[in-house]
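Chemist: Here is the input, now give the coordinates:
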Amino acid sequence: MNIHEFQAKSLFREFGIPVPDGVACRTLKEVGAACDELPGDVCVVKAQIHAGGRGKAGGVRVAHSKAEALEHARAILGSTLVTHQTGPEGRVVRRLLVEEGLSISREFYAAIAVDRAHGGPVFIASTEGGVEIESVPQDQLIKEPLHPYEGLRSFQANSIAYRLGLSGSAAKDCAKAVRNLARLFLHYDCSLAEVNPLVELDDGRVLALDGKVNFDDNALYRHPNIESLRDADEEDEAEARAAAHNLSYVNLDGSIGCMVNGAGLAMGTMDIIQHHGGSPANFLDVGGGASVERVTEAFKIICQDPSVKAILVNIFGGIVKCDLIAEGVLGAVKAVDLKVPLVVRLEGTNVERGRQLLAESGLPIITATDMTDAAHKAVEAAR
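Modeler: Coordinates of the predicted model:
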């Protein structure tokens with residue numbers, strides 16, 4: 001789950017991470033009121049969408065007067081912002097964050113992410129702030145693994161501040177901020193907590209100029225206050241619908257819809273489709289206990305994607321036997337009035353009975369014996 005920048009900064013304040021004064025706005029009237037409330041004449045008008053690259057797309061603009069701020073807000077609010085993370089369809093801007101203007105001396109990058117090499121969360125920092133971290137050479141990155149209980153320890157925080165080139169009160173402020181960022185990350189079961197840029201101001205203060213926080217969906221039940229921050233307007237409609245039915249679904253840009261039970265099998269299915277020259281339209285894991293209702297809903301979600309030219313069902317019957325899966329597939333096909341070719345591969349307990357049910361159904365279902373056969377048939381059907 002993702003949240004907006006203004007929401008992330010509210011959490012930053014909660015954990016003692018300094019941020020600029022700012023007001024979240026939905027209307028031009030609220031923007032005008034925010035300009036009157038903020039200190040100084042200079043402010044920054046920032047589009048609030050769940051995507052990076054807003055500045056390059058014209059979604060972050062500096063204003064030197066209230067009139068200029070309203071002019072920027074009028075141009076951004078309600079517009080469709082296209083960045084490298086939104087895709088060509090872009091995102092409609094429904095909220096703005098109006099913040100005080102600041103005089104910045106230096107910019108840094110700071111984030112915590114789960115790192116496979118370390119087997120846990122790692123703090124990442126760089127003197128190259130305000131840029132995409134992927135463009136920074138690995139040997140220029142500062143990395144410190146988090147302790148699973150203590151988070152980022154004092155000596156690590158002090159080391160990060162020193163290696164960023166800070167000293168005096170700025171170094172102390174930085175060390176405190178990064179430790180608090182680690183506290184936030186662990187407390188809320190985050191998958192990412194990023195500050196880009198973390199800045200040192202001309203007056204020596206250190207604060208988070210931007211904020212991005214993502215959460216592990218599997219832990220949201222422990223944090224109802226975070227769940228309440230969800231913005232349905234920013235989420236893919238199909239993915240939100242799938243989540244409501246306990247389906248793991250990610251929309252992709254291919255032409256072969258996939259319905260599989262088990263994340264590992266789902267990824268293997270996507271790989272073998274690619275291997276045979278096709279492209280998956282989605283990742284969809286119906287889980288080990290797939291019911292007729294869940295399979296039917298999965299079919300509906302796949303079928304609403306106009307780019308889907310064929311569907312591949314790849315099921316291993318373990319907890320749920322293959323004959324029950326076959327009954328679920330047949331019921332789902334009848335319920336959704338399927339109009340694209342369907343390839344089904346079953347394996348596991350009661351597989352012969354499951355295949356028999358499919359063969360005797362009278363429905364135009366293409367059966368496959370193994371994954372290679374299934375992928376080949378799905379690719380050909382999509383063509």
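
Chemist: Just the pLDDT for the closest residue to residue 109 other than its chain neighbours.
Modeler: Of all residues not flanking residue 109 in the chain, residue 126 sits nearest, at 4.2 Å (C-beta to C-beta, 6 or more residues apart in numbering). In this view, the C-beta of every residue, glycine as well, is placed from N, C-alpha and C. Each residue has a pLDDT score; the one for residue 126 is 93.

Chemist: Give the rounded mean pLDDT of stretch 370-378.
Modeler: 94.

Chemist: hey, C-alpha coordinates of that stretch in PDB?
Modeler: Output of stretch 370-378 as PDB, limited to C-alpha atoms (Å, rounded to 0.1, in the frame of the first residue of the first chain):
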ATOM      1  CA  ASP A 370       2.200 -29.700 -18.800                       C
ATOM      2  CA  MET A 371       3.500 -26.200 -18.500                       C
ATOM      3  CA  THR A 372       5.400 -26.100 -21.800                       C
ATOM      4  CA  ASP A 373       2.400 -27.400 -23.600                       C
ATOM      5  CA  ALA A 374       0.100 -24.900 -21.800                       C
ATOM      6  CA  ALA A 375       2.400 -21.900 -22.600                       C
ATOM      7  CA  HIS A 376       2.800 -22.900 -26.200                       C
ATOM      8  CA  LYS A 377      -1.000 -23.300 -26.700                       C
ATOM      9  CA  ALA A 378      -1.700 -20.000 -24.900                       C
END
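
Chemist: returning to that earlier point: show me what contacts the residue nearest to residue 109?
Modeler: 108-109, 133, 136, 140-142 (C-beta atoms under 8 Å, 6 or more residues apart in numbering).

Chemist: is it possible to export these to TSV including distance to residue 67, pLDDT and secondary structure?
Modeler: Below are the contacts of residue 126 laid out as TSV (distance: C-beta to C-beta, whole Å; pLDDT from 0 to 100; DSSP: H, G, I helix; E, B strand; the rest coil):
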residue	distance to residue 67	pLDDT	secondary structure
108	33	96	strand
109	34	95	strand
133	36	73	helix
136	38	74	coil
140	42	80	helix
141	42	90	coil
142	43	93	strand
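
Chemist: Quick one: these as CSV, columns for neighbour count too.
Modeler: Listed next are these as CSV, based on neighbours: other C-beta atoms under 10 Å:
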residue, neighbour count
108, 26
109, 23
133, 16
136, 16
140, 9
141, 15
142, 18
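
Chemist: which residues are in contact with the longest helix belonging to the chain?
Modeler: Taking DSSP state H as the assignment, the helix of the chain that covers the most residues is helix 168-187. With C-beta under 8 Å, 6+ apart as the test, helix 168-187 has contacts from 11-12, 14-18, 110, 112, 121, 123, 125, 146, 148, 151-152, 154, 157-158, 160-162, 164, 166, 190, 193, 195, 198, 200, 204-208, 213.

Chemist: Equivalent analysis for stretch 350-359, please.
Modeler: By C-beta under 8 Å, 6+ apart, stretch 350-359 touches 317, 321-327, 329-330, 344, 346, 365, 367.

Chemist: The helix or strand hosting residue 347 packs against which elements?
Modeler: Secondary structure from DSSP states H and E places residue 347 in strand 342-348. Strand 342-348 sits against strand 310-317, helix 322-336, helix 351-359, strand 365-368, helix 371-382, with contacts defined as 3 or more C-beta pairs under 8 Å, 6 or more residues apart in numbering; DSSP states H and E.

Chemist: what angle do that strand and helix 322-336 make?
Modeler: Here the directions of strand 342-348 and helix 322-336 differ by 160 degrees (axes from the mean of the first three to the mean of the last three C-alpha atoms, to 10 degrees).

Chemist: what does strand 342-348 contact?
Modeler: 310-318, 321-322, 325-326, 329, 333, 354-355, 358, 364-371, 373-374, 377-378, 381.

Chemist: What's the mean pLDDT across that strand?
Modeler: 92.

Chemist: List the residues that contact residue 300.
Modeler: Residue 300 neighbours (C-beta under 8 Å, 6+ apart): 335-336.

Chemist: show me the contacts for residue 100.
Modeler: Contacts of residue 100 (C-beta under 8 Å, 6+ apart): 20-22, 38-40, 42-44.

Chemist: Now with 7 Å, please.
Modeler: Contact analysis of residue 100 by C-beta atoms under 7 Å, 6 or more residues apart in numbering lists 20-22, 38-40, 43.

Chemist: Among the contacts of helix 168-187, which lie within helices?
Modeler: 11-12, 14, 154, 157-158, 160-162.

Chemist: Separate out the buried members of those residues.
Modeler: Buried by 16 or more other C-beta atoms under 10 Å: 11-12, 157-158, 160-161, out of these.

Chemist: Need those in TSV (columns: distance to residue 2 and pLDDT).
Modeler: Listed next are those as TSV, based on distance: C-beta to C-beta, whole Å; pLDDT from 0 to 100:
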residue	distance to residue 2	pLDDT
11	13	97
12	16	98
157	26	96
158	31	97
160	25	97
161	28	96
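
Chemist: Which two among those are spaced furthest apart?
Modeler: 11 and 158 (23.8 Å; C-beta to C-beta).

Chemist: okay, now the residue lying closest to residue 79 once chain neighbours are set aside: neighbour count?
Modeler: Spatial nearest neighbour of residue 79, excluding adjacent residues (C-beta to C-beta, 6+ apart): residue 93 at 5.5 Å. Neighbourhood size, residue 93 [other C-beta atoms under 10 Å]: 20.
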